[in-house]
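Trainee: fold the stuff below for me.
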Amino acid sequence: MEGALFLRGGLLKSWKERWFLLQGAALTYFNSQTDRKVVGSLDLSKGGKVETQAQAAAIASFPVSADRCLAISADDKQLLVYASDESAAKAWADALKNAIDAEEFKTALCGPHAEALARILVIR
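Mentor: Numbers count the residues shown, from 1 in each chain. Sure thing, here's the model as predicted:
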């Protein structure tokens, strides 16, 4: 998934439009859709978490509409973003949660119970 989101800055706390790209568990962002120089990234495989609506708006401490706000965190880093509308925020939240769930599933398959899980999946 890819698209524009507004990202809250670190030091100045201003909101700037950035182009985000979600590939697997990697969330990368750029200054614009045409600029492919990476400005930042987040590896959702490292404890990825998405908070929606009121939780994120409260963290943002900025008068943004709660139904458009997301807090995305992983590996001790947090991004506060908001979408242009409610449906875009929901689409991003769903895509991010699916990416995190897929990563957790892959981790479970490679973990200590991988063999037993694989047997269960083969039986079904």
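
Trainee: from the contact counts, what lies against the helix or strand hosting Ala99?
Mentor: Assigned by DSSP states H and E, Ala99 belongs to helix 86-110. Using 3 or more C-beta pairs under 8 Å, 6 or more residues apart in numbering; DSSP states H and E, the elements in contact with helix 86-110 are strand 2-8, strand 15-23, strand 49-52, strand 69-74, helix 114-123. Yep, even glycine has a C-beta here, placed from its N, CA and C like the rest.

Trainee: show residues contacting the third one.
Mentor: When contacts are defined by C-beta atoms under 8 Å, 6 or more residues apart in numbering, strand 49-52 is touched by residues 59, 69-74, 89, 93, 96-97, 100.

Trainee: need the per-residue pLDDT for the closest residue to Leu96 other than its chain neighbours.
Mentor: Using C-beta to C-beta, 6 or more residues apart in numbering and skipping the chain neighbours, the partner closest in space to Leu96 is Val50 (4.6 Å). Among the per-residue scores, Val50 holds a pLDDT of 93.

Trainee: try Ala74
Mentor: Reported pLDDT for Ala74: 95.

Trainee: surely it meets Leu96?
Mentor: No: in this structure, Ala74 is not within contact of Leu96 by C-beta atoms under 8 Å, at 9.9 Å.

Trainee: any residues in contact with both of those two?
Mentor: 44, 48.

Trainee: one step back: buried among the contacts of strand 49-52? Make that a ChimeraX selection.
Mentor: Burial among these is assessed by 16 or more other C-beta atoms under 10 Å; the matching ChimeraX selection reads:
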select :69,70,71,72,73,74,89,93,96,100
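
Trainee: for the contacts of strand 49-52, which one is nearest Lys13?
Mentor: Ranked by distance to Lys13 (C-beta to C-beta), those are led by Ile59 at 11.8 Å.

Trainee: hang on, the earlier thing: now the helix holding Ala99: buried residues?
Mentor: Result for helix 86-110 [16+ other C-beta under 10 Å]: buried residues 89-90, 92-93, 95-96, 99-100, 103.

Trainee: by mean pLDDT, which helix or strand of the protein comes out lowest?
Mentor: helix 114-123 (a mean of 60; mean pLDDT, DSSP states H and E).
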